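Colleague: Show me how the following folds:
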Amino acid sequence: MEMIGAGRDRRVVGQLVPPRPARVEVRGTASAVEVTADDLGRFAADAPGRGPVSLRCHLPDITVVTEWIPG
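Modeller: From the prediction side, this is the model:
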């Protein structure tokens, strides 16, 4: 995962490893944005607000949640 930009113009881009399609929630402290990772596991989303972000990846067999990443 990588954060591009600053303030309200931040964008989160990333890739799931191992690569596979999934539903990815980019979570902020007050809201979330949901996107779909493609067959190569790539995804991108506007960051929801300022502050830290966390990812919740919904895979067919498991849901993975990351720690909060300062932003």
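Colleague: which stretches of the protein aren't confidently modelled?
Modeller: The chain contains no residues with pLDDT under 70.
Colleague: can you pull out the strands in it?
Modeller: 2-4, 11-15, 22-27, 32-37, 42-46, 54-58, 63-65 (DSSP state E).
Colleague: tell me, what residue is most central in the chain?
Modeller: Val26 (3.7 Å; C-alpha atoms, centre = their mean).
Colleague: can you pull the contacts of that residue?
Modeller: If a contact means C-beta atoms under 8 Å, 6 or more residues apart in numbering, then Val26 has 12, 32-35, 45, 47-48, 53, 55 as its contacts. Placement of C-beta: from N, CA and C, glycine included.
Colleague: at 10 Å what do you get?
Modeller: 1, 10-12, 14, 32-35, 43-48, 53-56 (C-beta atoms under 10 Å, 6 or more residues apart in numbering).
Colleague: Ok, Gly28 next?
Modeller: Gly28 makes contact with 10, 47-54, 68, 71, according to C-beta under 10 Å, 6+ apart.
Colleague: From Ala47, how far off is it?
Modeller: Gly28 sits 7 Å away from Ala47, going by C-beta to C-beta, to the nearest Å.
Colleague: Please apply the same query to Val26.
Modeller: Where Ala47 is concerned, Val26 sits at a distance of 6 Å (C-beta to C-beta).
Colleague: most neighbours per residue, which of the strands of the chain?
Modeller: Across the strands of the chain, averaging neighbours per residue (mean count of other C-beta atoms under 10 Å) puts strand 22-27 on top, at a mean of 20.
Colleague: and the angle from it to strand 42-46?
Modeller: Interaxial angle, strand 22-27 versus strand 42-46 (axes from the mean of the first three to the mean of the last three C-alpha atoms, to 10 degrees): 30 degrees.
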